[in-house]
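K.L.:
need the 3D shape of this:
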Amino acid sequence: MSVPSLNSITKPRLLLGEGIEDRQFFEGFLGHLQRSDIQVCEFHGKANLQSFLKTLTRLPGFSNVISIGVTRDADY
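P.N.:
Now for the predicted structure:
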């Protein structure tokens with residue numbers, strides 16, 4: 001599996017989800033809460049999480065990140 005592309009980090013807080021449905025849910029939820037300081041990203045499954053996290057540190061804007069939240073499904 002390949003790590004999904006993310007070109008840059010644009011917000012100081014990141015929330016990472018496994019897939020598109022997670023991203024859509026959190027974007028809607030954060031919009032409802034009127035939170036515009038959180039960037040929601042998807043890492044396309046738990047098998048890609050480690051590679052995705054390594055990639056994050058090399059992206060433009062990473063030095064401005066103050067927090068990262070990671071969500072995962074309850075599957076094994």
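K.L.:
my read is that I68 contacts G17, right?
P.N.:
No. I68 lies out of contact with G17 (Cβ atoms under 8 Å); the separation is 12.0 Å. To be clear about C-beta, it is placed using only N, CA and C from the backbone, and glycine gets the same treatment.
K.L.:
so between the two, which is more surrounded?
P.N.:
Neighbour totals were compared for I68 and G17, and G17 leads with 22 against 15 (other Cβ atoms under 10 Å).
K.L.:
any idea what that one is bridged to?
P.N.:
Taking DSSP bridges as the rule, G17 bridges to E42.
K.L.:
following the helix or strand bottoming out on mean pLDDT in the chain, which helix or strand comes up?
P.N.:
The least trusted helix or strand in the chain, going by mean pLDDT, DSSP states H and E, turns out to be helix 49-56, with a mean of 92. Per DSSP states H and E, the first helix or strand lying C-terminal to helix 49-56 is strand 67-70.
K.L.:
please export the C-alpha coordinates of that following strand as CSV.
P.N.:
Extracted C-alpha coordinates of strand 67-70, given in CSV (Å, rounded to 0.1, in the frame of the first residue of the first chain):
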residue,chain,number,x,y,z
SER,A,67,-1.0,19.0,18.3
ILE,A,68,-1.8,15.8,16.5
GLY,A,69,-4.8,13.5,17.2
VAL,A,70,-5.0,10.0,15.7
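K.L.:
could you list the low-pLDDT ranges of this protein?
P.N.:
For the chain, the stretches with pLDDT under 70 are 1-5, 76.
K.L.:
before we move on, back to that, pull out the buried positions in the least confident helix or strand of the chain.
P.N.:
The neighbour-count check on helix 49-56 (16 or more other Cβ atoms under 10 Å) flags 49, 52, 55-56 as buried.
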